[in-house]
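>>> Here you go, sequence then predicted model.
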Amino acid sequence: MSKEAKTTYGIHSLLSKRWSPRAFKKQSISREILLSLFEAARWSPSAFNDQPWYFIIGNNNDKTFLGIFETLVEFNQLWTKNAPVLVLSCGRKKTQKGDPNNSFKYDVGQAVAHLSIQATSHNLYVHQMTGFSPEKATEVFEIPDEFEALSVIVIGYLGDTAILDPRMQKPELAERERKSFDEFIFQDKFGKKSNLLTD
Ligand SMILES: Cc1cc2nc3c(=O)[nH]c(=O)nc-3n(C[C@H](O)[C@H](O)[C@H](O)COP(=O)(O)O)c2cc1C
């Protein structure tokens, strides 16, 4: 199944192919491929090159996988149980120098974006979630105060929609939706449509 983005302007196929499925195969991901995803994250940009990202990786129902799974809201548990890899992303709230880092969430999000695109190049799919308990994750994984649990990331190969709870099958097959350009690209002042859209 493909839910490739229907674009007006051409974008790279790795970007148009990416989407967030809920049906995953149980199939394991090789160590080499899995590490290449974190290599992609590692080389993403960050404010002051501070690299505030940290990842706790659960693989093939190991103790870490089950620990991350425990932190998910019930809805997310319903579909993530089929995936081979669950990752908890964390960010460091202060820079290496000890000052507050206002960009840490932005930087961790961008690292995950790079990871997602690398995943697409291996025919893998990534589904990010904030439907989890950061408090529980902090407790389970003994995350120190200067760090914050930010998201849980599911990684795996695309599975059959039929394995999903019936409530999730319709959205899995539904067309993907996006805002139009005039809602988010501006000129002169916030909210004023960019000339790129009229010229
Ligand atoms: C920060 C973030 C949090 C999300 N949280 C959840 C979640 O808890 N559960 C879920 O099923 N999907 C979650 N999603 C997936 C989004 O619903 C999905 O990315 C969005 O609908 C766009 O679809 P697409 O990724 O297929 O283009 C999350 C995505 C992001 C980026």
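Thanks, I have it. Numbering: from 1, shown residues only.

>>> Name all residues that make contact with the residue in the chain that the ligand sits nearest to.
The ligand sits closest to Gly131 of the chain, with a gap of 2.8 Å, by Cβ to the nearest ligand atom. For every residue, glycine as well, the C-beta is placed using N, CA and C. Going by Cβ atoms under 8 Å, 6 or more residues apart in numbering, Gly131 touches Leu72, Val73, Phe75, Asn76.

>>> Equivalent analysis for Val87, please.
Per Cβ under 8 Å, 6+ apart, neighbours of Val87: Phe55, Ile56, Ile57, Gly58, Ile68, Val152, Ile153, Val154, Ile155.

>>> got those residues as TSV, with pLDDT, neighbour count and secondary structure columns?
What follows is the contacts of Val87, written out as TSV (pLDDT from 0 to 100; neighbours: other Cβ atoms under 10 Å; DSSP: H, G, I helix; E, B strand; the rest coil):
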residue	pLDDT	neighbour count	secondary structure
Phe55	99	17	strand
Ile56	99	18	strand
Ile57	98	18	strand
Gly58	98	20	strand
Ile68	98	26	helix
Val152	98	27	strand
Ile153	98	23	strand
Val154	98	24	strand
Ile155	98	24	strand
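
>>> hang on, the earlier thing: report the two of the contacts of Gly131 separated the most.
Leu72 and Phe75 (8.3 Å; Cβ to Cβ).

>>> So for those two, which residue has more residues nearby?
The residue with more neighbours, out of Leu72 and Phe75, is Leu72; 22 against 14, by other Cβ atoms under 10 Å.

>>> burial of the residue lying closest to that one once chain neighbours are set aside, as a residue count?
Residue nearest to Leu72 in three dimensions, not counting chain neighbours: Phe132, with 4.8 Å by Cβ to Cβ, 6 or more residues apart in numbering. Phe132 has 23 neighbours, counted by other Cβ under 10 Å.

>>> Equivalent analysis for Lys189, please.
Neighbours of Lys189 using other Cβ under 10 Å come to 6.

>>> mean confidence for stretch 114-130?
The average pLDDT for stretch 114-130 rounds to 98.

>>> and that stretch, how far out from the chain's middle?
In terms of Cα atoms, centre = their mean, to the nearest Å, the centre of stretch 114-130 is found 7 Å from the chain centre.

>>> distance between the ends of it?
18 Å (Cα to Cα, to the nearest Å).

>>> quick one on the thing from earlier: residue contacts, the residue nearest to Leu72?
Ile68, Thr71, Leu72, Val73, Asn76, Ala149, Ser151, Val152.

>>> from the residues you listed, which are also near the ligand?
Asn76, Ser151 (Cβ under 6 Å from any ligand atom).

>>> so of the contacts of Phe132, which ones are in helices?
Ile68, Thr71, Asn76 (DSSP state H).

>>> what kind of secondary structure is the closest residue to the first one other than its chain neighbours in?
Nearest residue to Ile68, sequence neighbours excluded (Cβ to Cβ, 6+ apart): Leu86, at 4.3 Å. Secondary structure of Leu86, reduced to three states by DSSP: H, G, I helix; E, B strand; the rest coil: strand.
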